Structure formats: structure tokens, C-alpha cells
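Trainee: Return a 3D structure for these sequence lines:
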Amino acid sequence: MDHLAVIGAGAWGTALAVVCRRAGRRVTLWGRDPARMAEIAEARENARYLPGATLDSGIRITGDAAALAEAEAALVVVPAQTLRATLSDLAPALRPDLPLVLCAKGIEQHSGQLTSAVAEACVRGNPLAVLSGPTFAAEVAAGLPTAVTLASGEAELAEALAQAIGSSRFRPYVSDDPLGAEIGGAVKNVLAIACGIVAGRRLGDNARAALVTRGLAEMTRLCLARGGKVETMMGLAGLGDLTLSCTATQSRNYSLGLALGAGQSLEVALAASRGVTEGVYTARAAVAMAEAEGIEMPICAAVDQVVNQGADLAAAIEGLMARPFKAEGFSA
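Mentor: Numbering: from 1, shown residues only. Next comes the predicted model:
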């Protein structure tokens, strides 16, 4: 895999283009807006989403979908809520044997589908993999040490992709559980909003530690119900990503929760966010998925009530604290 495409020119897509180039690959970075891509190509910098990261001449920057036909694999890095429209538009330009690496973290709100199901509906037959884990785009682009999960049901594909994008500063660990990697990456966004709310309301470090731990139990419960593996939830795509997103203001979801906890309205908090805050959309979808599986996810449900149903924040917190005492474990 010498030539890799990156579909989506936000912060994470731009950072992954840098990663692929750093690994010695030829790279095509594609974005939907040709005018904006021309600006990025001229400046060799994505000043809007990833300022300070230089895009060298080995990265072709384009808004022309025809350029994707030359790639040997494509990293798909568009928000979960726009993935269907993007892949549907690009399908005629993608070879049917082109491996697609899904890098968005979320669940499509209106259908309740994971990104792999959305991709399969748009580009039937393309081999799929999932890239997830604790990653802030700016740190990755700067070459700071990062480890990720690269999961696929096809072991040889996962290994080949890991060799193609890995370097001494970007270490992929292969997995055979793409479903678990998707669930971890999606649900941690909802839990990050909850942790931000805890910080914004000054509820203390004890409360945040408890929320992270019980949030991990919710993630694992859903993962197991859908056929994923507990090991994935204990790895980079589960606990690793959850820890990062629930402790750092670089996380858009954590920052949104922080603003809500401090008393800002949802509208004001969303307006201040650069990029898509996936946890808002995923909250409703995750709760619906849990209901369909007959399991409880009370933290995710509380976040959904606040961000999607207009519930009073104090009442949602009180509702969580008033739940019956139970034994600790993934089934509780």
C-alpha cells in the first residue's frame, strides 16, 4: 500500500494525511469544497482546522473525486452524521476492491447504525477496517507518541494497513473486533460530555472517577450485547479513548459538557465549538441501541435527556444519584 487517500479534510483527516506521509506513503487528501482545498494546497496548511501543521509536497490536496481512483486504501475521516452522504456521492469514484478505513467516531442518529453499517449500505463489497483510540489531532500531527487500534474482520488487511500507516511515533495495534472499536469510539463521546458536566458543576474528582468507571461498564455492556469483545473495551479503543476524552479540554465533547455544567445553554456551547460534537448526536442513538438490546445505560440516558430532550441538568444528576444500589459489574 504505497498510495493512500484520506477522505475528509477536517482536523483529524489532515492529521492522518500527515501520519501517512510520515510513514513514507504517497498521500491524496480529498475534501468536498474544491475552493477550500485549493486554499489549503496553496498554503500547505489547513489553517481553519489544524493550524501550524505543515503539509509537505508528498501530500496531494484536491477536491476532485477522480483522484481517489489511484489510491490503494482510503481512510474515511468525515463525521458520522455526514458519512452516508459523502460515501454515496463518492461511490462511483471508488474501486469496489478499495479498502476503506473508517475513522469517524459516532452512531448515525436517524438510523441508529454504526459507521460500518452505513458504509456497507453505500459501497457494497469494499473491505472495511476501523481506526480508533486516544487521539488528539494536533498532537498526532506534531509527531507526539500515539497508539491506536486498527480493527478488521480480515486479519491480513489489518496487518497490511498497520504496516502502511505505522511509524515510530504512530503505533497501530491490530484487532479482529471492529464492532467493539466502533462502539468504544462512539459511546466515549457521550461519556465525555457527562465528565465535562461534572467538572463544570465542581462535583469533584471522586465523582469524575466514578463516572468514568461506570461509563466504561456501560460501554462494555453495549459492546457485549452487540457481539463485541470485552478485551476491546479494556484496550485503546475503549478505556484508552475514554480516559483521554474525559480528562482533557482538547476534547470537544468534554468542553461542551464543561460549558453546560458551568451554566451555558446548549446553543451557546455548540456555537463555540469548532467542528462536530458527535456526543450530542450519539447520545440518542446509543440509548436507542441499548433499549433495543434490553440493557441499561443510565449515564448515556441522562446525557441524552439534557442535550436532546431539554431536561433540567440538576434533575438529571439527581436522578442518577437516586438509582437503586446494585452489585458492581458490567451487568448492573
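
Trainee: got a list of what Ala23 touches?
Mentor: Under the criterion of CB atoms under 8 Å, 6 or more residues apart in numbering, the contact list for Ala23 reads 164-167, 170. All C-beta atoms are positioned from the backbone trio N, CA, C, and that covers glycine.

Trainee: Closest one of those residues to Pro34?
Mentor: The shortest gap between Pro34 and any of the contacts of Ala23 belongs to Ile165, at 26.1 Å (CB to CB).

Trainee: Give the residue spans of the stretch 151-300 of the chain that score low on pLDDT.
Mentor: Across the stretch 151-300 of the chain, nothing is flagged by pLDDT under 70.

Trainee: need the strands for the chain, in chain order.
Mentor: Counting by DSSP state E, residue ranges of the strands within the chain are 3-7, 26-30, 59-62, 73-76, 100-102, 128-132, 146-151, 170-175.

Trainee: So for Thr282, which of these sits nearest?
Mentor: Closest to Thr282 of those, according to CB to CB: strand 128-132, at 13.5 Å.

Trainee: so how far is the closest one off the chain centroid?
Mentor: With CA atoms, centre = their mean, to the nearest Å as the basis, strand 128-132 stands 10 Å off its chain's centre.

Trainee: Give me the sheet partners of it and which way each runs.
Mentor: Take DSSP bridges as the rule and strand 128-132 pairs in its sheet with strand 100-102 (parallel), strand 146-151 (antiparallel).

Trainee: how about these in TSV, adding mean neighbour count and distance to Arg32?
Mentor: Output for the strands paired with strand 128-132, formatted as TSV (neighbours: other CB atoms under 10 Å; distance: least, CB to CB, whole Å):
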stretch	mean neighbour count	distance to Arg32
strand 100-102	26	17
strand 146-151	24	25
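
Trainee: Let me know which of these is the nearest to Pro79.
Mentor: Of all the strands paired with strand 128-132, it is strand 100-102 that lies closest to Pro79, at 11.8 Å by CB to CB.

Trainee: Kindly reformat the strands of the chain as CSV and extend each row with distance to Arg201.
Mentor: Below are the strands of the chain laid out as CSV (distance: least, CB to CB, whole Å):
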stretch, distance to Arg201
strand 3-7, 39
strand 26-30, 40
strand 59-62, 43
strand 73-76, 37
strand 100-102, 35
strand 128-132, 29
strand 146-151, 31
strand 170-175, 36
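
Trainee: Ok, which of the ones you listed comes nearest Glu278?
Mentor: Comparing the strands of the chain by CB to CB, strand 128-132 comes nearest, at 12.4 Å.

Trainee: could the strands paired with strand 128-132 go into JSON lines alongside distance to Met321?
Mentor: Putting the strands paired with strand 128-132 into JSON lines (distance: least, CB to CB, whole Å) gives the following:
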{"stretch": "strand 100-102", "distance to Met321": "37"}
{"stretch": "strand 146-151", "distance to Met321": "33"}
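
Trainee: rewinding a little: so which of the strands of the chain comes closest to Glu139?
Mentor: Nearest to Glu139, of all these, is strand 146-151, at 6.7 Å by CB to CB.

Trainee: residues making contact with the closest one?
Mentor: Residues lying outside strand 146-151 but in contact with it, judged by CB under 8 Å, 6+ apart, are 101, 129-135, 139-140, 158, 161-162, 165, 169-178, 180-181, 232, 235-237, 240.

Trainee: quick one on the thing from earlier: of the strands paired with strand 128-132, which is nearest Ala74?
Mentor: Ranked by CB to CB, the member of these that lies closest to Ala74 is strand 100-102, at 5.5 Å.

Trainee: which residue packs closest to Gln163, ignoring adjacent ones?
Mentor: Nearest in space to Gln163, with sequence neighbours left out and distances taken as CB to CB, 6 or more residues apart in numbering, is Met1 at 7.7 Å.

Trainee: shouldn't that neighbour be in contact with Leu157?
Mentor: No. Proximity of Met1 to Leu157 does not meet the contact threshold set by CB atoms under 8 Å, at 9.9 Å.

Trainee: When those two are compared, which one has more neighbours?
Mentor: Residue environment comparison for Met1 versus Leu157 gives the larger neighbour count to Leu157, 19 against 16, counting by other CB atoms under 10 Å.

Trainee: How about the contacts made by the spatially most central residue of the chain?
Mentor: The C-alpha lying nearest the average C-alpha coordinate of the chain belongs to Lys105 (CA atoms, centre = their mean; 2.2 Å). Contacts for Lys105 (CB under 8 Å, 6+ apart) come out as 80, 132, 185-186, 188-189, 241, 278.

Trainee: One more pass at 7 Å, please.
Mentor: Contacts were defined as CB atoms under 7 Å, 6 or more residues apart in numbering; by that measure Lys105 touches 132, 185-186, 189, 278.

Trainee: any idea how far it is from Ala288?
Mentor: Separation of Lys105 from Ala288 (CB to CB, to the nearest Å): 18 Å.

Trainee: related to what we said a few turns ago, can you tell me which of the contacts of Lys105 end up in helices?
Mentor: Among these, the members falling in helices (DSSP state H) are 185-186, 189, 278.
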